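Asks: I need the structure of the sequence given here:
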Amino acid sequence: MSITKKKKIGIIGAGPVGSILCAHLAKSKEDVAIVDMLRERLDAIKKNGLNISGIVKMNAKIEKLCYSIAELDAFDADLIFVAVKASALKNVISELKKIYKPEMKVVSFQNGLDTEELIASAFGDENSLRAVINYAGILVSNENVKMTFFNKPNYIGILSDKARNTGKYIANIMTKAGLDTEFTENIKKYVWEKTILNAAMSPVCALTKMTMKEAVKFEDTYKIAEELLKEGIAVAESCGYVFDSNFLENCILYLRKAGHHLPSMYHDLEKNRATEIDFLNKKIVEYGKKCNVPTPYNFAVTCLIKGLEIKNMLTKI
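Replies: Model (predicted):
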C-alpha cells in the first residue's frame, strides 16, 4: 500500500470513540465512512451530521454511512479502524473476513490487552496495528457526543515493521485532524498503562454502582482499586514492561481527579451486554499466572463481573 496516496478509512462503531474520531477526520477532509448496526443512530448522523460538544465543539457532515460491515465492501477501504467494545471484536473480525482485501490494514482503537493480537491472528501481523486512545466522551444522543477529556497524545504502534509507514501515516492524519497522535515503538507499554487504570476502576464502579469520584472517596472501595492497580503493575513489570518510578503515584493521582463518571462496564451490565472484563482484569489474571504473580483482587472482581454477566444472560432466556 502506497503511503503517498490518500487512504479511504472505514470506522466500525459509532459510539463515543468512533464518533469523535470520525468527526475529526471528516472535518479534516479525510475520506471516511462510518459503520454501525444501529439504524436509528446512523439515520440521525446522516440527517444532522456528527455534533461534538464539551472540550471540542464541531459539526461534521458525514456522507458515507454503512449499516453493516458488509456494506463497507463497496467503499473499498484501505484502513479499518475498529472502535467497538472489545467484547464485540470476534464478531467484527468474522464479518471483516468476508470483505477483507489484500493490503487492507486493521487498527484496534479498543480498550484492554491483546485486541491487536486477535486481529493479527486473522489478518497477519503486517496488516494489524494498535492505537491507544487517551480521549473519552459520552453519547448524549444518536448524533451528539460530548468529548469529556483528551490527555494528549494518543499513541499508535505496529506488530510488524512492514506496517511502519502505515502507522506513521495514521499518526500524521490524526494529529492533523486535532487528535494529536504519536507513533511509538513501544505500543504495548501504553496498552498496559491504560489497561491497568481501567482495570482498577471499571469493575469497582460496575459492582458498587458508584461513580468514579464516589468510589475513590469511599475508603474501602478506594483500597480495592489501589490493590488492583498494584497487582496490574506487578504483572506488567514481570512481563518486561518498565514504568516510571512514580507510576503508581501518578495512577492514584489520576483516579483521585476522577469525576462523577460511570465507566462503560457499569452501563454494559445495566443493559445486559457483555462487558470488557475478559480483556481487562481477566487478562491481568492470565498474565499473572504465566509470570507467577498473585492477582487475588483481579481474580475476585473478574469472577463477580462474570457472575453478573451470566445472571443477566439467564434473565434474557
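Asks: okay, CA-based contacts and neighbour counts for the rest of this
Replies: OK.
Asks: mind listing what Glu227 touches?
Replies: Glu227 is in contact with 200, 297, counting by CA atoms under 8 Å, 6 or more residues apart in numbering.
Asks: Can you show me the helices along the protein?
Replies: Across the chain, reading from the start of the chain, the helices by DSSP state H fall at 16-27, 39-48, 89-96, 115-123, 164-176, 187-208, 212-217, 219-238, 247-256, 264-270, 281-291, 296-316.
Asks: Mean neighbour count, these: which tops it?
Replies: The densest packing among the helices of the chain, expressed as mean neighbour count by mean count of other CA atoms under 10 Å, is seen in helix 16-27 with a mean of 24.
Asks: And the pLDDT at Val191?
Replies: In this prediction, Val191 carries a pLDDT score of 98.
Asks: just checking, it touches Gly112?
Replies: Yes - checked against CA atoms under 8 Å, the pair Val191 and Gly112 is within contact range at 7.0 Å.
Asks: who are the neighbours in contact with the residue nearest the centre of the chain?
Replies: By CA atoms, centre = their mean, the chain has its centre lying nearest to Gln110, at 2.3 Å. With contact taken as CA under 8 Å, 6+ apart, Gln110 is in contact with 82-86, 131-133.
Asks: Now it. Its backbone dihedrals?
Replies: Main-chain torsions, Gln110, degrees, to the nearest 10: phi -100, psi 170.
Asks: And it, how far from Gly18?
Replies: Relative to Gly18, Gln110 is positioned 10 Å away (criterion: CA to CA, to the nearest Å).
Asks: got any residues that touch both of these two?
Replies: Counting by CA under 8 Å, 6+ apart, the residues touching both Gln110 and Gly18 are 83-84.
Asks: The nearest residue to Asn172 once chain neighbours are set aside - how many residues pack around it?
Replies: Once flanking residues are discounted, Asn172 sits nearest to Thr181: 7.3 Å by CA to CA, 6 or more residues apart in numbering. Look at Thr181: counted by other CA atoms under 10 Å, it has 24 neighbours.
Asks: shouldn't Thr181 be in contact with Lys168?
Replies: No - between Thr181 and Lys168 no contact is recorded; they are 9.4 Å apart, counting by CA under 8 Å.
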